[in-house]
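Trainee: Mind looking at a prediction? Sequence and model below.
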Amino acid sequence: MEMRLHLHVLAILVIISARPPSVAGGLCRDSCGDVPVRYPLGIDDGCGSPYYRSMLTCADNTTLRLRTPSGTYPVSGADYADPHLVVTDPSMWTCARPFTAVHAAPFSLDTSTRFSLSPRNDHLFFNCDEERVIVAPRPAICDRYPDRCDSACDSAGYLCRNLPGCRGALEEGNMSCCAYRPRAAESLRAMLRHCEAYTTVYWRAVGDKFPPYDQVPDYGVRVDFEIPVTTRCLQCQDRRRGANGTCGFDPATRDFVCICDGGRNSTTDCAATVVFSISAAIGIGGLVMYIRKMRSSKVVTCGVQSNENRFF
């Protein structure tokens, strides 16, 4: 009876050990509203790369939002071929929004993350106090050697003369404008203390010409992100091997996990989950045969052992 109990316990341990680690939340959502969500990003804990854990949320399954030190902002678009997000700051001025002075913290990022502000962003400031801010035309040489120029706000900037969607808005409102490329988020905050409002314009690629002539200005903040490439993630996503999984991680340990259909998870890929099942079946089958063999063996009576019923 004691030997039979030990074998049953051993069988249970084999089954448990054959199970791969689980991921909280089950399957990963691949979109939020109209914005696709793919590796390395994730909106469910355990999905994507742990480098971006808890940085994106999906409000009411319709609005993707990015968390930053300056606030939580709606994400209007995502591109994974040219990895970046397009973020909307509600406090920024646009043609569709009335020109009102909004004193709010400008958009900023945590520099310790894998997100970064794209160099394709241009910041425009309106009605700045020229006693506090240097407003002057920017020399042409600054476009080629920006480090050699001072921190003046360019009053002759192209975008000030060609605001996307409303080129004549500044003249009609008798508003001054200057373009500024800050070197740090603190520079943006300092500028906004001495200017009535600001907006950010990023250069969006349209793909019908050769760079940089294939770009058009649009409102929003372009936020670039890195895609960590690992062999295990490539194997997990490899459809040629029948894997077709989603790269994720164990929320408790942050170790890699391949998330498969039906809530199955693997430490390698979705094709390997079959190996877990086969191994478990072989182990259980062997134990069953061993138990049957033990039942057919002679039982020790009166404390006497023979070579036929000796265990060791």
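Mentor: Perfect, thanks for sending it.

Trainee: When you work out contacts or count neighbours from here on, use the C-alpha atoms and nothing else.
Mentor: Noted.

Trainee: Pretty sure residue 94 sits against residue 199.
Mentor: Yes: with contact defined as C-alpha atoms under 8 Å, residue 94 counts as touching residue 199 (7.1 Å).

Trainee: Overlap of the contact sets of the two?
Mentor: Counting by C-alpha atoms under 8 Å, 6 or more residues apart in numbering, the common neighbours of residue 94 and residue 199 are residue 219.

Trainee: All the strands of the stretch 1-150 of the chain, in order from the start?
Mentor: With strands called from DSSP state E, counting those that start in this stretch, the stretch 1-150 of the chain shows them at 31-32, 35-36, 56-59, 63-68, 71-79, 84-87, 115-117, 121-128, 135-136.

Trainee: Just the buried positions in the third one, please.
Mentor: I take that to be strand 56-59. 56-58 (16 or more other C-alpha atoms under 10 Å).

Trainee: go on, the fourth one?
Mentor: Burial within strand 63-68, assessed by neighbour count using 16+ other C-alpha under 10 Å, is assigned to 63-66, 68.

Trainee: any chance of the residues you listed in JSON lines, plus distance to residue 36?
Mentor: Formatted as JSON lines, the buried residues of strand 63-68 follow (distance: C-alpha to C-alpha, whole Å):
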{"residue": "63", "distance to residue 36": "11"}
{"residue": "64", "distance to residue 36": "9"}
{"residue": "65", "distance to residue 36": "12"}
{"residue": "66", "distance to residue 36": "14"}
{"residue": "68", "distance to residue 36": "20"}
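
Trainee: Just the terminal-to-terminal distance for stretch 164-176.
Mentor: 16 Å (C-alpha to C-alpha, to the nearest Å).

Trainee: what does that stretch rub up against?
Mentor: With C-alpha under 8 Å, 6+ apart as the criterion, stretch 164-176 contacts 95, 126-128, 161-163, 177, 217-219.

Trainee: low pLDDT regions in the stretch 101-250 of the chain?
Mentor: Within the stretch 101-250 of the chain, the stretches with pLDDT under 70 are 101-104, 146-148, 150, 183-186, 208-213, 241-243.

Trainee: Which residue ranges make up each domain of the protein?
Mentor: By the assignment in automatic domain parsing, the chain contains the domains 1-64+230-279, 80-225.
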